[in-house]
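Asks: Sequence and predicted structure below; questions after.
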Amino acid sequence: MSYRIGVDIGGTFTDFSVLDQNGKTFLWKEDSDPVFPAQAIQRGLKAVARELGHTTEEFLKKVSLFVHGTTIATNLLIQRNGPRIGLLCTEGFRDILYTRDAFKPDRYNLRMPYPEPLVDRYLRLGVRERVNKDGDIITPLDEEGVRQAARSMRDAGVSSVAVAFLWSIANSEHEYRAAEILREELPNVPVLCAVDILPEIREWERTSAAVLSAYMLPGVSSYLRELESSLQESGYGRGPLIMQINGGVASVSEILRKPVNVLASGPAAAPAVAIHSGASRNMQNMVIIDMGGTSLDVCLLRGGRAAMSREISVDMQPIGVPGVDVLSVGAGGGSIAWVDSGGALRVGPQSAGSRPGPVAYDAGGTEPTVTDANIVLGYLDPEAFLGGRRVLRDDLSQAALERVGGKVGLNALEAAAGVIRIVNANMVAAIQAVSVQRGIDIRKYALMSGGGAGGLHAAALARELRVPHVIIPRQAGTLCAFGMTVTDVRYDESGVCHTYSDGPDIEGINRILTTLAEGLRSKLKAEGFSDEKVRIEFFADARYSGQVHQLTIPVPFSETITATQIAVAVDNFHAEHKSQYTYNRPTIPVEFLHWRVTGIGLAGSTTVVGKNDASTPNRRGVRMAYDFASRQMVETAVYHMDDLTPGSSFVGPAIVQSSTTTVVIGAGDKLSVDPDYALAIDVNVDV
């Protein structure tokens, strides 16, 4: 028996999803350790191995693929506890990180604090050199100036350096030579070039991506190398693969080449589950939510592809590289309920996390959370949490909701219902932000729900949004961890060829696309992918002349690009522009900026398909749970997910429990079990 394993570190739990060669999965949740995250992985691997009847060493020797999504890079940025780094730039441009693009993220907020710089100004050093937009050298590189800058950085004790020169995308000679000198002068300090991280137009974004990478590199490198060593010592014979923000996975060496790709890596795995699940259902469009203990992540699947964005930023710093467009809000099981100065009940964004956690954990928490509210409403069984591994204190939840409710004249039950209404409203707003506010009618979409807390709220959210279908995979409790076991290896590269549709530079475009495609094919082949398992996709960034922002559109390309294929790309641009902005200008030439190539190594996966027996599942019992329509506790049937087989169905109100998640089915909603054991809920949107 061989296994694939996905490990996703969240704010409250570290999730493990184990997929065997027959397509069966085993799921596990371990408390996250915010100080020593690797320890949660070690504890979880030991527990998973034990549950599967192995020692840790025996289990890891049977693992063919280990994929990990980590929050360490994101935490370094948000907490600003990274190392001291340096930036070498073109003389006169060391303040590009300060001037940015002259816009504020919230431009009408007069009191908005300026983001703390990642590089102190005295370590942003300029050197004489100049290349123009055509790649011509105007001013040669001052190599002695580079050595002087290196000595200054050495005296300051920098841990890594980013090099970002003007128009290095047109001619990278100066940037590479400066990096070579820096490595000579600073032999133990990593040096990253902006042209390698983000070879694209826009100086601020390119410099920002390089600086972010340099800032994260020491911490990410230390963590990933330690993980590699730990796995090897425990019996895993291959290096781990790391989840990237683009929705694919990559080797540790590739991540260390472009550290910015590991930002927000965990949530980017969710669309892989939707693609995996949607293929058998012929569902191309889904809203995907992942509600864990700390936050809610929302993204879209459109036309069978994850919605991507190049406008993603972390703590107001643009990352530049394309990534899965995920919106995260502070709405999780650990989100704290509180009363503001105006006497209004609020929920989040503060979270109790894993320590101390919800009040019911009896670990020192005193402020009620969404989890506590779900306990008081009867949705969560205190004795079934994590499969019975942890018994929750419902009496503590009751008392905590009583206290906060007393401040606004509500009893514990009313306060709990209010908490759920508020957190649901927050989640509806987040879903609408990535869909309705972008002109997407999500009533034609399905809602896929994941995360330990997602099933508690999914049907209610769908009802509010008028979405009639909800899909909850059997692996929903560890959604992103499972996504890591079925996602593909993916690498993204890009190049600049600035040209127009009415006189395209065919030779330049072909040179870029062919070179990048050949490089990606070679890289994937070296990682063991046969030609049949490699897929190459081509895209371009395009805009109407005079526009500031561009759209990324698919480009038909085989062995060479022709005027006919350029015309198809232009048509794709006009159609996408009308889709997103409701209008287009077909008579205006299209301006092309960047040409992108994506190399995908298809992982392949198996799915367990059960026989449809149309049986009625056995109830595990009946308990009182809150009904929002009648505003009172009602008798509610309780089922266990392990008892549900393909073809079985029932009508709510009902609750389905498992060791990693709980699903609430509202009155009039119909649940049925699909052939792959996923729960499909037809929501009564007329309620």
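Replies: Sure thing, it's come through. Quick caveat, the model's predicted, so the values are computed rather than measured.
Asks: Could you verify my assumption that residue 218 touches residue 160?
Replies: Yes - between residue 218 and residue 160 there is a contact at 5.7 Å, judged by CB atoms under 8 Å. The C-beta positions use only the backbone N, C-alpha and C, and glycine is treated the same way.
Asks: Now the common contact residues for these two.
Replies: The contact sets of residue 218 and residue 160 overlap at 83, 190 (CB atoms under 8 Å, 6 or more residues apart in numbering).
Asks: With neighbour numbers in mind, choose between these two.
Replies: residue 160 (25 against 19; other CB atoms under 10 Å).
Asks: what are the phi and psi values for that one?
Replies: Dihedral angles of residue 160 (phi, psi; degrees, to the nearest 10) stand at phi -160, psi 160.
Asks: can you tell me which residues contact it?
Replies: Contacts for residue 160 (CB under 8 Å, 6+ apart) come out as 83, 85, 86, 189, 190, 191, 192, 214, 215, 217, 218.
Asks: For the residues you listed, which single residue is the most surrounded?
Replies: Going by other CB under 10 Å, residue 214 tops the contacts of residue 160 with 31 neighbours.
Asks: quick one: secondary structure of that one?
Replies: helix (DSSP: H, G, I helix; E, B strand; the rest coil).
Asks: so what's it up against?
Replies: 85, 87, 160, 161, 162, 190, 192, 259.
Asks: from those, which two are the most distant?
Replies: Farthest pair in those (CB to CB) is 87 and 259. Separation: 15.3 Å.
Asks: then the helix or strand where residue 155 lies to PDB, C-alphas only?
Replies: Applying DSSP states H and E as the criterion places residue 155 in helix 143-156. Extracted in PDB, the C-alpha atoms of helix 143-156 (Å, rounded to 0.1, in the frame of the first residue of the first chain):
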ATOM      1  CA  GLU A 143      31.300  47.600  -9.900                       C
ATOM      2  CA  GLU A 144      33.300  49.400  -7.200                       C
ATOM      3  CA  GLY A 145      30.000  51.000  -6.000                       C
ATOM      4  CA  VAL A 146      28.500  47.600  -5.700                       C
ATOM      5  CA  ARG A 147      31.400  46.400  -3.600                       C
ATOM      6  CA  GLN A 148      31.100  49.400  -1.300                       C
ATOM      7  CA  ALA A 149      27.400  48.700  -0.900                       C
ATOM      8  CA  ALA A 150      28.200  45.100  -0.100                       C
ATOM      9  CA  ARG A 151      30.600  46.200   2.600                       C
ATOM     10  CA  SER A 152      28.000  48.500   4.100                       C
ATOM     11  CA  MET A 153      25.500  45.600   4.100                       C
ATOM     12  CA  ARG A 154      28.000  43.300   5.700                       C
ATOM     13  CA  ASP A 155      28.700  45.800   8.500                       C
ATOM     14  CA  ALA A 156      24.900  46.100   9.100                       C
END
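Asks: average pLDDT across the helix or strand following that helix?
Replies: Once the chain leaves helix 143-156, the next helix or strand it forms, by DSSP H and E, is strand 160-164. For strand 160-164, mean pLDDT rounds to 97.
Asks: Show me what strand 160-164 pairs with in its sheet, parallel or antiparallel.
Replies: For strand 160-164, the pairing partners within the sheet under DSSP bridges are strand 85-90 (parallel), strand 191-193 (parallel).
Asks: which stretches of the stretch 151-300 of the chain have low pLDDT?
Replies: 279 (pLDDT under 70).
Asks: what about the strands in it?
Replies: Taking DSSP state E, counting those that start in this stretch, the strands of the stretch 151-300 of the chain run over residues 160-164, 191-193, 241-243, 249-251, 286-291, 296-302.
Asks: do the same with the stretch 301-450 of the chain
Replies: With strands called from DSSP E, counting those that start in this stretch, the stretch 301-450 of the chain shows them at 305-306, 308-309, 313-314, 317-318, 323-324, 327-329, 335-339, 345-351, 446-450.
Asks: counting contacts, what elements does the first one pack onto?
Replies: Contacts defined by 3 or more CB pairs under 8 Å, 6 or more residues apart in numbering; DSSP states H and E place strand 305-306 against helix 270-281.
Asks: what angle sits between the helix it packs on and strand 286-291?
Replies: 130 degrees (axes from the mean of the first three to the mean of the last three CA atoms, to 10 degrees).
Asks: Give me the buried positions along stretch 333-351.
Replies: Judged by neighbour count (16 or more other CB atoms under 10 Å), stretch 333-351 contains these buried residues: 333, 334, 335, 336, 337, 345, 346, 347, 348, 350, 351.
Asks: of the residues you listed, closest to residue 363?
Replies: Nearest member of the buried residues of stretch 333-351 to residue 363, counting by CB to CB, is residue 334, at 11.7 Å.
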